[in-house]
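**Q** Here is the input, now give the coordinates:
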Amino acid sequence: MIGSVIQKGTCIDVYDEKGYQMCQINVCSNSQLMGYTGSTFSVKTGNVIDVYDQKGRQLSQRSV
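**A** Numbering: from 1, shown residues only. This next block holds a predicted model:
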């Protein structure tokens, strides 16, 4: 289960409730972490939002 997600520049780090890193993904410089739940996190790049699971696998993509 995701405990926290932190964006540091072009890297997004995902941690569990105990603070252990679960995954890291690289994103574009204009990407922004939108938020997270216990099992997913969302990243916006331009007018597209990508949803990822706790292992960094892309689950969906939609235009906004």
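**Q** What residues does residue 56 make contact with?
**A** Neighbour list for residue 56: 14, 23, 24, 25 [criterion: CB atoms under 8 Å, 6 or more residues apart in numbering]. In this view, the C-beta of every residue, glycine as well, is placed from N, C-alpha and C.
**Q** Identify the residue spatially nearest to the third one, adjacent ones excluded.
**A** Leaving aside its sequence neighbours, residue 24 sits nearest to residue 13 (CB to CB, 6 or more residues apart in numbering; 5.1 Å).
**Q** what's the spatially closest residue to residue 37 that is not a sequence neighbour in contact with, if anything?
**A** Spatially, and ignoring its direct neighbours in sequence, residue 37 is nearest to residue 2 (7.0 Å; CB to CB, 6+ apart). By CB under 8 Å, 6+ apart, the residues touching residue 2 are 14, 15, 16, 22, 36, 37, 38, 39, 40, 41, 54.
**Q** just residue 43 next, same as before
**A** Shown in contact with residue 43 (CB under 8 Å, 6+ apart): 12, 25, 27, 31, 32, 33, 34, 49, 50, 52.
**Q** for the protein, what spans make up the strands?
**A** 2-8, 11-16, 21-26, 31-36, 40-45, 48-53, 58-63 (DSSP state E).
**Q** in its sheet, what does the first one sit against?
**A** This means strand 2-8. strand 11-16 (antiparallel) (DSSP bridges).
**Q** mind listing what's buried in the strand it pairs with?
**A** 12, 14, 15 (16 or more other CB atoms under 10 Å).
**Q** okay if I get these as TSV plus pLDDT and distance to residue 63?
**A** Output for the buried residues of strand 11-16, formatted as TSV (pLDDT from 0 to 100; distance: CB to CB, whole Å):
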residue	pLDDT	distance to residue 63
12	98	20
14	98	24
15	98	29
